[in-house]
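Undergrad: model this:
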Amino acid sequence: MASGDSSSSMDMDPDVALRRFEEGATLVLLGVPQGTELGIDCKSWQVGPRFRGVKMIPPGMHFLHYSSVNAPSCGSEIGPKKGLFLSLKPREILLANWDPQEEDLDFSASKDEEQVSRTRATLQELDPHLGPYPYEVIRKWVSLTDRLSEELTKKLQPLSGRICAFSDVVPEVEFKHTKDRAEQPRNDTACQSMKEGLDRLPRMKPREGTELRFSEIPQKTYPPGATPAEITRCSLDLSYALETVLEKNYELQPLHLLGELQFAFVCFILGNVYEGFEHWKRLLNLLCRSEDSMRKRKDLYLGLIAVLYHQLGEIPPDFFVDIVSHSNFLTSTLQDFFQFAVGPGVDGTLRKRAEKFKAHVTKKFRWDFDADSDDCAPVVVELPEGVTVD
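TA: Next comes the predicted model:
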């Protein structure tokens with residue numbers, strides 16, 4: 001791919017290569033600057049001078065991601081990553097031209113049927129400039145996205161279709177008149193504190209159409225009008241909050257929540273979107289700490305174990321040292337999950353699968369899930385009689 005040729009397919013059986021060439025989809029990507037980091041699914045390359053796209057792509061869902069590069073005179077700095085999910089059909093051809101102004105791929109040419117037909121007619125001539133899809137990663141990619149459908153992807157991705165490592169933000173309040181700007185805090189005097197400095201900055205929000213559309217997780221984990229005892233119970237067992245999310249977003253297809261967990265993970269791991277990591281953590285916390293739901297939703301939790309098995313398999317053992325372990329997020333979350341999984345009323349198959357998963361994670365990360373967790377147990381505060389919490 002670095003040179004834009006198809007040399008990596010030379011070791012492939014000719015019949016297999018021909019079948020994949022004829023049945024696979026093709027991305028024709030014209031004008032991508034040399035040095036751009038471009039990848040599809042779990043593999044990426046540095047674009048060479050002869051690159052014109054990717055061929056032999058298996059039909060289905062894929063994630064195309066890329067980081068633009070400045071001209072050599074500017075130091076050849078790599079820009080923030082962008083990406084988009086593509087649902088490709090057999091023998092489909094997608095055309096895109098690089099827009100240097102936006103530093104992005106423009107797929108509008110794919111809507112021109114005449115241009116697509118011309119490209120299809122010259123596909124054999126383009127072949128030496130098309131890199132083959134990296135089939136060595138297909139098993140890994142499928143295992144990370146087997147719950148992710150085209151319909152669900154469209155529901156979760158930004159309306160713009162682009163997933164960006166850095167959000168495109170605009171001021172919450174647009175000051176169109178000099179009078180409006182004059183009323184804002186002045187920045188020509190020294191700040192007395194960090195808080196004062198932050199308060200002077202304009203409040204920003206994502207540009208409309210660029211935000212990821214994850215399911216909203218309720219801030220209150222208990223029902224309206226709950227008693228102090230109910231608040232305590234719903235804080236220890238998050239089933240009410242989980243069932244609320246499922247009812248609002250996936251009432252007919254609760255297993256689609258696992259697809260959202262995969263979507264968030266891919267956005268973070270391949271798209272470098274930190275918001276994806278944060279949402280992945282919130283969903284995982286909700287699922288792992290919902291004891292009552294675990295007893296009722298065997299299929300959801302068997303699916304969760306399978307999803308987590310593959311996701312954690314893509315993470316180096318020392319990954320959580322820097323990102324998570326300072327707050328002990330994953331160990332404490334999984335510790336609760338394993339504890340609930342052996343509780344009364346849990347399906348026997350789910351219990352055995354959870355025990356095997358626990359042994360696997362213990363071996364991989366060398367975490368002790370049987371350690372006494374009393375020190376980090378939540379403190380339950382008894383309210384005085386007659387006092388309620390809104």
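Undergrad: switch to C-alpha atoms for all contacts and neighbour counts from now on
TA: Noted.
Undergrad: ok, how many other residues are close to Ser149?
TA: Other residues near Ser149 number 17, with proximity taken as other Cα atoms under 10 Å.
Undergrad: Show me the strands in the stretch 101-250 of the chain, by range?
TA: 104-106, 130-132, 163-164, 169-171, 204-206 (DSSP state E, counting those that start in this stretch).
Undergrad: List the strands paired with the shortest one, with their directions.
TA: So the one you mean is strand 163-164. When sheet partners are counted by DSSP bridges, strand 163-164 sits next to strand 78-88 (antiparallel).
Undergrad: Would you mark the buried spots in the partner strand?
TA: Buried positions in strand 78-88, judged by neighbour count with 16 or more other Cα atoms under 10 Å: Lys81, Lys82, Gly83, Leu84, Phe85, Leu86, Leu88.
Undergrad: And for stretch 17-33?
TA: For stretch 17-33, using 16+ other Cα under 10 Å, the buried residues are 17, 20-21, 23-33.
Undergrad: same thing with stretch 297-310?
TA: Quick answer for stretch 297-310 (16+ other Cα under 10 Å): Lys298, Leu300, Tyr301, Leu302, Leu304, Ile305, Ala306, Val307, Leu308, Tyr309, His310.
Undergrad: what's the answer for stretch 330-341, then?
TA: Thr331, Ser332, Thr333, Leu334, Gln335, Asp336, Phe337, Phe338, Gln339, Phe340, Ala341.
Undergrad: Please tell me how far the fifth one sits from Ala371.
TA: Looking back up the chat, that one is Gln335. Separation of Gln335 from Ala371 (Cα to Cα, to the nearest Å): 9 Å.
Undergrad: go on, the first one?
TA: Distance, Thr331 to Ala371, by Cα to Cα: 11 Å.
Undergrad: ok, now the last one?
TA: Look at Ala341 and Ala371: by Cα to Cα, they are 17 Å apart.
Undergrad: ditto for the fourth one
TA: The spacing between Leu334 and Ala371, counted by Cα to Cα, is 12 Å.
Undergrad: Could you pick out which of the buried residues of stretch 330-341 are located in helices?
TA: When DSSP state H is applied, these are split such that Thr331, Ser332, Thr333, Leu334, Gln335, Asp336, Phe337, Phe338, Gln339, Phe340, Ala341 fall in helices.
Undergrad: Test my guess that the third one contacts Leu283.
TA: Right, Thr333. No: in this structure, Thr333 is not within contact of Leu283 by Cα atoms under 8 Å, at 11.0 Å.
Undergrad: Now do the shared contacts for those two.
TA: With contacts taken as Cα atoms under 8 Å, 6 or more residues apart in numbering, Thr333 and Leu283 have no neighbour in common.
Undergrad: And the longest helix seen in the chain, what does it pack against?
TA: In the chain, assigned by DSSP H, the helix with the most residues is helix 348-365. Packing contacts for helix 348-365, counted by 3 or more Cα pairs under 8 Å, 6 or more residues apart in numbering; DSSP states H and E, involve helix 298-313, helix 329-341.
Undergrad: Would you reformat the ones you listed as a markdown table and include distance to Glu251?
TA: Shown next, in a markdown table, are the helices and strands packed on helix 348-365 (distance: least, Cα to Cα, whole Å):
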| stretch | distance to Glu251 |
| --- | --- |
| helix 298-313 | 13 |
| helix 329-341 | 23 |
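Undergrad: Just give me the lowest mean pLDDT stretch among the ones you listed.
TA: Sorting the helices and strands packed on helix 348-365 by mean pLDDT places helix 329-341 lowest, at a mean of 91.
Undergrad: just to revisit the earlier point, which among the buried residues of stretch 297-310 gets closest to Ala121?
TA: Looking at the buried residues of stretch 297-310 and their distance to Ala121, the nearest is His310, at 40.4 Å (Cα to Cα).
Undergrad: does the closest one really touch Leu144, like I thought?
TA: Yes: contact criterion Cα under 8 Å: His310 and Leu144 qualify, at 6.3 Å.
Undergrad: Which parts of the chain belong to which domain?
TA: 7-145, 228-376 (automatic domain parsing).
Undergrad: Kindly present the ones you listed as CSV, with separate columns for distance to Gly161.
TA: CSV is the format used below for those (distance: least, Cα to Cα, whole Å):
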stretch, distance to Gly161
domain 7-145, 6
domain 228-376, 13
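Undergrad: how about the ones you listed, which one is nearest Thr210?
TA: Closest to Thr210 of these is domain 7-145 (Cα to Cα; 11.6 Å).
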